[in-house]
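Asks: structure of the sequence below:
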Amino acid sequence: MGRIMEWAGKPNHLGGLPRRTVIMAVGAFAKAVANILNSTSVHNADTLLNLVRSRPPGVPLITVSNHMSTLDDPVMWGFKGFPTCNADLQRWVLAAEDICFKNPVLSYFFRLGKCIPITRGGGIYQEHMNEALDRLSNGDWLHTFPEGKVCQEDEPIRRLKWGTASLIARSPITPIVLPIVHHGFEKVMPEKYTFGKRPPIPLWKKNIKIIVGEPIKFDIAKLKQTALSTSRNLPSSENRGWPPFGGLDEVSQRCLYIDISERIQNVLERLRVLGSSPKADAETVRSANMAEALHQELDWCG
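Replies: Okay, here's the model as predicted:
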């Protein structure tokens, strides 16, 4: 299967005017929902802003977050000071094919909005995951929801899908991985509002809280060696036909993806617990982020 309307996602499509128009319109909507209809607070926003605007040339960025509603993206980028309407700086995002790409009109619109269609159940080596890998190879910013679906209960972060981990491991240049956790979108766009359906428009007078963590460091070469050692002690399992890469067979790839996913899940869960606390002010979040960065340093040194 080929890549759905990939041509519409290219920056030079019709001189870039359709993309700029869609991203400016969607960005204006995001800012209205985040700042006018509702109240949004962002902790450690400078870390995100710096990585979006001025990370080292050619180094890709992957942001990962929990998934509370269908409005998370783009509204989570609508906070004050974020270049939401800048088509060049705006993220690429993995989007569910069965929701965002149901017909040619929607497909064209979401492609202009820098969305990459992902087929649920299609596996981590489906063609559109290769497209996402191409974006990372170009040094772009990609956002993912590694839980794989919306969950509106304030519960622990669920086991992550392996797609994000595979992109981190397979990218020619290891991406900067930035964790983000948010609360409040489940109140702005509840899944079961009237007659068990979402409201036709976003609700208002809600509080949205966004917690930006510190980048998670991944020494992929070291993780590959650990995966190889671990896989030698595991029995053979069902073969899904994954292609080998980096000297890893399918069993060792699973070990690698599980390791990376669990590291991300643990960081997201710590941020979630912190953000759920009513006493989580800016200084508390900053101290927790410093502690998390130190924890990562000690983890790699040990």
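Asks: where is the longest strand in this protein?
Replies: strand 176-183 (DSSP state E).
Asks: ok, residues contacting the following helix or strand past it?
Replies: Next helix or strand after strand 176-183 toward the C-terminus (DSSP states H and E): helix 185-188. By CB atoms under 8 Å, 6 or more residues apart in numbering, the residues outside helix 185-188 that reach it are 33, 37-38, 68-69, 71-72, 75-76, 152, 202-204, 206-208. C-betas here are computed from N, CA, C, even on glycine.
Asks: go on, stretch 111-123?
Replies: 4-6, 8-9, 13, 18-19, 21-23, 26, 74, 87, 90-98, 100-101, 107, 110, 126, 128-129, 131-132, 135, 148, 163, 240.
Asks: returning to that earlier point: show me what the longest strand of the chain is packed against.
Replies: Here strand 176-183 touches helix 45-54, strand 61-65, strand 207-212, helix 250-276, going by 3 or more CB pairs under 8 Å, 6 or more residues apart in numbering; DSSP states H and E.
Asks: CA atoms of it as PDB?
Replies: C-alpha atoms of strand 176-183 as PDB (Å, rounded to 0.1, in the frame of the first residue of the first chain):
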ATOM      1  CA  ILE A 176      15.600  14.300  21.200                       C
ATOM      2  CA  VAL A 177      12.700  12.800  23.100                       C
ATOM      3  CA  LEU A 178      10.600  15.200  25.100                       C
ATOM      4  CA  PRO A 179       7.800  14.000  27.400                       C
ATOM      5  CA  ILE A 180       4.700  16.100  27.900                       C
ATOM      6  CA  VAL A 181       1.700  15.400  30.200                       C
ATOM      7  CA  HIS A 182      -1.500  17.400  30.200                       C
ATOM      8  CA  HIS A 183      -4.800  17.500  32.100                       C
END
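Asks: got the angle between that strand and helix 45-54?
Replies: Angle, strand 176-183 to helix 45-54, by axes from the mean of the first three to the mean of the last three CA atoms, to 10 degrees: 140 degrees.
Asks: what is the orientation angle of strand 176-183 with strand 207-212?
Replies: Computed by the same axes, to 10 degrees, the angle separating strand 176-183 from strand 207-212 equals 160 degrees.
Asks: now strand 176-183, how far from the centre of its chain.
Replies: When C-alpha coordinates are averaged (CA atoms, centre = their mean, to the nearest Å), strand 176-183 and its chain have centres 8 Å apart.
Asks: low-confidence bits of the stretch 201-302 of the chain, can you list those?
Replies: For the stretch 201-302 of the chain, the stretches with pLDDT under 70 are 236-238, 278-302.
Asks: can you do 80?
Replies: For the stretch 201-302 of the chain, the stretches with pLDDT under 80 are 235-239, 277-302.
Asks: relative to helix 250-276, how tilted is the longest strand of the chain?
Replies: Going by the same axes, to 10 degrees, strand 176-183 makes 40 degrees with helix 250-276.
Asks: list the buried residues in strand 176-183.
Replies: Of the residues in strand 176-183, 176-183 count as buried by neighbour count, 16 or more other CB atoms under 10 Å.
Asks: what's the closest of these to V267?
Replies: The nearest member of the buried residues of strand 176-183 to V267, counting by CB to CB, is P179 at 4.8 Å.
Asks: what's near enough to touch that closest one?
Replies: Shown in contact with P179 (CB under 8 Å, 6+ apart): 63-65, 212-214, 216, 264, 267-268, 271.
Asks: can you rerun that using 7 Å?
Replies: The contact partners of P179, by CB atoms under 7 Å, 6 or more residues apart in numbering, come to 64, 213, 216, 264, 267-268, 271.
Asks: got those as a markdown table, with distance to T47 and neighbour count columns?
Replies: Converted to a markdown table, the contacts of P179 look like this (distance: CB to CB, whole Å; neighbours: other CB atoms under 10 Å):
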| residue | distance to T47 | neighbour count |
| --- | --- | --- |
| V64 | 14 | 25 |
| G213 | 8 | 27 |
| I216 | 12 | 22 |
| I264 | 16 | 22 |
| V267 | 14 | 22 |
| L268 | 15 | 25 |
| L271 | 12 | 28 |
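Asks: from these, which is closest to D140?
Replies: Distance ranking of those against D140, using CB to CB, places V64 first at 15.2 Å.
Asks: who does that closest one bridge with?
Replies: T144, P179 (DSSP bridges).
Asks: look up how far C115 lies from the closest residue to V177 other than its chain neighbours.
Replies: Counting by CB to CB, 6 or more residues apart in numbering, V177 lies nearest to I216, which is 4.5 Å off, once chain neighbours are set aside. I216 sits at a distance of 24 Å from C115 (criterion: CB to CB, to the nearest Å).
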